[in-house]
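Chemist: give me coordinates for this.
(one chain, ligands or ions: 1)
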Amino acid sequence: MIEPIDVLKINANRPTLDGNNIDITDVRLFRALRFAWEKCMGRGANVMAYMSGRTFGKSLNLKTIDEMIEFAKNYKIGIITVVNKNPLQIRVDECMTCSGLPNMEKPLCYFEGGFIVGCLEGIVNKKVKINETHCIGLGDDFCQFEVSTYPLYIFK
Ligand SMILES: [Zn+2]
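Modeler: A predicted model of the protein is given here:
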């Protein structure tokens with residue numbers, strides 16, 4: 001089976017569609033698939049998006065948060081900023097899933113949340129929990145996640 005990380009290294013070989021070796025897929029196609037999953041699977045689509053993002057993020061084997069930020073920018077997942085360190089709060093602007101969408105009264109960015117978790121679990125070598133506190137899907141102007149590691153230090 002092919003690993004997600006390996007797919008990134010393969011030229012898509014689409015000279016007519018992509019030109020100049022730059023592999024471009026319109027973000028709207030990703031979103032169309034994302035919301036088609038929801039039609040097919042209901043809330044199961046959120047789990048799938050989250051687990052896909054987590055598996056993908058982990059497969060990158062990044063070493064620092066700066067590498068995660070750089071990767072997310074280069075692959076147009078979003079503009080990631082660490083807005084607070086304790087608790088760890090991570091903001092995503094121009095999010096791949098939801099930027100420009102109307103208020104849908106629910107958070108939408110399960111792929112991005114999973115991606116952050118997968119990257120961070122590789123970086124800190126602990127299980128990571130995430131909660132999307134702000135989302136364009138909730139009517140906010142950006143997406144933001146609160147991150148914690150667990151098990152929490154309850155015996156401290
Ligand atoms: Zn969002």
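Chemist: which pLDDT value belongs to the closest residue to Ile79 other than its chain neighbours?
Modeler: Distance criterion Cβ to Cβ, 6 or more residues apart in numbering; nearest residue to Ile79, sequence neighbours excluded, is Asp93 at 4.2 Å. (C-beta placed from N, C-alpha, C; glycine too.) Asp93 is assigned 97 on the pLDDT scale.
Chemist: quick one, helices of the chain?
Modeler: Counting by DSSP state H, one finds helices in the chain at the ranges 4-9, 15-18, 27-41, 44-59, 65-74, 110-124.
Chemist: the ion contacts on the protein?
Modeler: For the chain, the residues in contact with the ion (Cβ under 5 Å from the ion) are 98, 108-109, 135, 143.
Chemist: and these, which two are furthest apart?
Modeler: Using Cβ to Cβ, the residues of the chain next to the ion reach their maximum pairwise distance at Leu108 and Cys143, which is 8.3 Å.
Chemist: when the two are compared, which one has more neighbours?
Modeler: Cys143 (28 against 24; other Cβ atoms under 10 Å).
Chemist: thinking the more buried one is in contact with Ile79, fair?
Modeler: No. In this structure Cys143 lies outside contact range of Ile79 using Cβ atoms under 8 Å: 10.3 Å.
Chemist: which neighbours do those two share?
Modeler: Common contact partners of Cys143 and Ile79 (Cβ atoms under 8 Å, 6 or more residues apart in numbering): 92-93.
Chemist: export the helices of the chain to a markdown table and tack on mean pLDDT and mean neighbour count?
Modeler: A markdown table is the format used below for the helices of the chain (pLDDT from 0 to 100; neighbours: other Cβ atoms under 10 Å):
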| stretch | mean pLDDT | mean neighbour count |
| --- | --- | --- |
| helix 4-9 | 78 | 11 |
| helix 15-18 | 70 | 10 |
| helix 27-41 | 92 | 13 |
| helix 44-59 | 96 | 19 |
| helix 65-74 | 95 | 16 |
| helix 110-124 | 96 | 23 |
